[in-house]
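**Q** next come a sequence and a model predicted from it.
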Amino acid sequence: MENILEIIKTDEFILMSFILNILFIILVMINIYFNIKAKRKYLDFMTKLGKGQDIDAMLKKYVNDVREIKKDNDEIKAYYIKLDKDISSCIQKTGLVRYNAFQDVGSDLSFAIALLDRENNGVVLNGLYGSESSNIYAKPIKNGKSSYQLSDEEQYALEIAEQNKNFYAKHKN
C-alpha cells in the first residue's frame, strides 16, 4: 500500500495522469465532433429523402393520418353493422302472381303479392278485381307461414318470394 502511495506522489505519475486526462479530453472532443457531423449528415439525408421537407414531421403526420383513418374506418364499420341489422327487416323478397279471380272479368286483373324480409317475415296482399267491386286482403307472414288460410295464388306468390327467383309469374292453371 505504501508503494502505491509513493508512486502516486511522484512527478512522473502526476505527469502521466495529466497527459492521460488531456488525451481523454481530446478523444471526447473528437467524439463530439464526429457525433455533430453524423447528425448533420443524418438531417441532410432525411431532408433529401423528404424532398426538402422534414421527414420526421412527415412521419408524425402520416401516423396521425393513419390513426384518423382507423377511427373513421371503425365508425364506418359500426354504421355498416347498423345498416345490415336494419336492412334485414326491410322488404327484400317479392313475389307477384296475376290471375283472373272471376270468370266474367278478363285480363288477369286480380293479383297476389308477397313482400318478405330476409327472414321470410312480411305480408301477402291479395287484390280481387271484379266487375262490380274490388277488394284487397292482407295476411301476415311469419317465417314463411301465415296463421290464416292462404289461397293457391297467395301461396304461389309466397313461394316465388321465398325462392327469390322471379318477381312476377302468371298463375299456373
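**A** Nice, thanks for sending it over. Numbering: from 1, shown residues only.

**Q** that's a strand at Val124, yeah?
**A** Yes: counting by DSSP: H, G, I helix; E, B strand; the rest coil, Val124 is found in a strand.

**Q** how many neighbours does it have?
**A** Counted with other C-beta atoms under 10 Å, the neighbours of Val124 add up to 25. Backbone N, C-alpha and C define where each C-beta goes, glycine included.

**Q** repeat for Asp117
**A** 15.

**Q** now it: closest residue in space that isn't a chain neighbour?
**A** Closest residue to Asp117 apart from its sequence neighbours, by C-beta to C-beta, 6 or more residues apart in numbering: Ser89 at 5.2 Å.

**Q** quickly note the distance from that neighbour to Tyr156.
**A** Distance, Ser89 to Tyr156, using C-beta to C-beta, to the nearest Å: 25 Å.

**Q** what's the answer for Glu132, then?
**A** 26 Å.

**Q** neighbour count for the two, which is higher?
**A** Higher neighbour count among Glu132 and Tyr156: Tyr156, with 21 against 7, using other C-beta under 10 Å.

**Q** surely Tyr148 is within a strand?
**A** No: counting by three-state DSSP, Tyr148 falls outside a strand, being coil.
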